[in-house]
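A.B. asks: Provide a 3D model corresponding to the input given below.
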Amino acid sequence: MAKLYFNYGTMNSSKTANALMTHFNYQEVGQRALLCKSEIDTRDGARIIQSRIGLKQECILLCELMEMPEEEIKTYHCIIVDEVQFATIEQINFLSDIVDFMDVPVVCYGLRADFQNQLFPGSERLIAIADTIREIKTVCWCGKKATCNARFHQKSIVRSGEQVLLGANDNYVALCRKHFKLGMLCPETVSGS
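C.D. replies: So this is what the prediction gives:
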């Protein structure tokens with residue numbers, strides 16, 4: 001019986017690497033897995049999923065998946081979605097339809113919350129309806145579990161702005177809640193404005 005999975009973590013917790021490894025594992029045993037991502041994520045190219053460690057694979061966009069005929073979707077053994085936090089509620093509902101009515105598992109990877117610790121709409125919907133929710137853990141510079149995605153500019157945490165600003169290590173760092181609250185990007189910094 002197919003399930004809808006939501007694997008979430010902070011920035012730099014290897015979510016994309018996990019998505020690409022899941023895809024590889026299906027292919028290695030001769031099964032068809034389809035990689036897709038939101039059309040919002042264009043950092044590495046419109047139809048490329050790439051991890052920080054260099055793993056890279058072509059994919060389709062969620063909007064294209066939604067236009068795909070049901071019979072074609074059913075030819076896959078698994079649908080793997082990266083950067084799912086950018087998905088719309090309608091897209092998340094469609095992913096659940098793939099599971100419920102086409103009996104194809106859907107494995108999603110993404111952030112739970114933004115740089116202000118507010119849920120992304122796609123993540124919020126997945127938290128509400130996913131069959132299985134799993135945290136992919138990483139650590140803050142202090143060694144505690146990182147739970148916050150801090151956006152920064154010139155060594156200071158940014159506390160306001162648009163929810164979506166595409167970036168990686170050049171704009172974001174994963175912090176524990178305490179150091180997020182204190183505005184400490186590393187042991188020497190304290191900011192909060």
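A.B. asks: quick check, central residue of this structure?
C.D. replies: Geometric centre of the chain, nearest residue: Gly110, 1.4 Å, by Cα atoms, centre = their mean.
A.B. asks: show me where pLDDT drops low in this structure?
C.D. replies: Residue ranges of the chain with pLDDT under 70: 42, 160-161, 163-169, 189-193.
A.B. asks: now the helices for it?
C.D. replies: Under the criterion DSSP state H, helices of the chain are mapped to 15-28, 62-67, 70-73, 89-102, 121-129, 177-182.
A.B. asks: how about those helices in TSV, adding mean neighbour count and distance to Arg43?
C.D. replies: In short, each C-beta sits where N, CA and C put it, glycine included. Shown next, in TSV, are these (neighbours: other Cβ atoms under 10 Å; distance: least, Cβ to Cβ, whole Å):
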stretch	mean neighbour count	distance to Arg43
helix 15-28	18	11
helix 62-67	16	16
helix 70-73	12	26
helix 89-102	17	19
helix 121-129	19	17
helix 177-182	17	23
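A.B. asks: circling back: I'd guessed the residue nearest to the centre of the chain sits against Gly122; true?
C.D. replies: Yes - between Gly110 and Gly122 there is a contact at 6.9 Å, judged by Cβ atoms under 8 Å.
A.B. asks: quick check: neighbours shared by these two?
C.D. replies: Applying Cβ atoms under 8 Å, 6 or more residues apart in numbering, one finds that Gly110 and Gly122 are jointly contacted by Val84, Gln85, Phe86, Ala87.
A.B. asks: buried among the residues you listed? Need that as a selection in ChimeraX.
C.D. replies: A single ChimeraX command selects the buried members of the shared contacts of Gly110 and Gly122 (16 or more other Cβ atoms under 10 Å):
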select :84,85,86,87
